[in-house]
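Peer 1: no sequence for this one, just the structure:
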C-alpha cells in the first residue's frame with residue numbers, strides 16, 4: 001500500500017477514537033450518570049484529557065492524514081512528487097502533535113484512575129449531611145473492591161469513573177501507537193515518494 005493510502009487508513013481509524021474520547025470525557029461530568037454540583041466533579045475531569053488531548057488535538061492530525069493520499073502541496077515548481085514528499089514530511093509534525101495530545105490524555109487518565117473518584121461518604125437517605133471527598137489512596141480500591149462501598153453516592157460512581165477513564169487510557173495508548181506509525185510512514189513517504197516500490201522509478205507518484 002502506498003504511504004498516502006496508508007495514512008488515510010490511519011486517519012479513518014483515528015476519527016472514531018477521537019469521538020469516543022470526547023464522549024467519555026463528557027460523560028465523566030455526570031458521575032454515575034447523575035447531575036451533581038460542579039465542585040463535586042472529580043478534578044481530573046476538568047483537565048479535559050479526552051476532549052482536548054485525545055479529541056481536538058487528534059482530529060486535526062486525523063484530517064491531515066485523510067487528505068494525504070490526494071495532497072501534493074501544489075507540487076514544487078511543478079514537480080508533483082516533490083509536493084507529495086513534502087506533504088508526507090509535514091504529516092510527521094501533525095502526528096507528533098496528536099501523540100502529545102494523546103499522551104496528555106493518558107497521563108490524566110492514569111492520575112484519575114490512581115486517585116479514584118470524588119464521592120459522597122454519607123448515606124443518601126441522610127439529606128441533612130453532605131461529605132464529598134476522595135476516599136481512596138494510591139489506587140487501593142483497584143485491588144480491594146470492598147472499598148467501593150465507601151462511596152454512598154452517586155450510585156455506581158466508582159465503576160463509572162474507573163470504566164470511562166480506563167477507556168480514555170486505552171484509546172490514548174492506541175492513538176499514540178497510530179501516530180507513531182504515521183511518523184514512520186511519513187518518513188518513508190518523504191524518502192521514497194508516495195509508493196516505496198517506485199523509489200528507483202523517478203517521481204514515485206501514483
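Peer 2: Now that the structure is in, tell me what you want to look at. What you are looking at is a predicted structure, and each value in this text was computed from that prediction instead of being measured.

Peer 1: Mind picking out the helix or strand in this structure with the poorest mean pLDDT?
Peer 2: Sorting the helices and strands of the chain by mean pLDDT, DSSP states H and E puts helix 80-115 at the bottom, at a mean of 89.

Peer 1: List of residues touching the helix or strand that comes right after that helix?
Peer 2: Next in sequence after helix 80-115, counting helices and strands by DSSP states H and E, comes strand 119-120. Strand 119-120 has contacts (CB atoms under 8 Å, 6 or more residues apart in numbering) with 31, 40, 130-133, 135, 150-154, 157-158. Bear in mind the C-beta positions are built from the backbone N, C-alpha and C, glycine included.

Peer 1: cool, and stretch 47-65?
Peer 2: In this structure, residues lying in contact with stretch 47-65 by CB under 8 Å, 6+ apart are 7-8, 10-11, 14-15, 17-19, 21-26, 28, 90-91, 94-95, 97-98, 100-109, 168, 171-172, 175, 179, 182.

Peer 1: Could you pick out the buried ones from the contacts of strand 119-120?
Peer 2: Listed as buried from these are 31, 40, 132, 135, 151-154, 157-158; burial here means 16 or more other CB atoms under 10 Å.

Peer 1: Just the pLDDT for the residue nearest to the spatial centre of the chain.
Peer 2: Central residue of the chain (CA atoms, centre = their mean): residue 54, 2.5 Å from the mean position. Per-residue confidence (pLDDT) for residue 54: 97.
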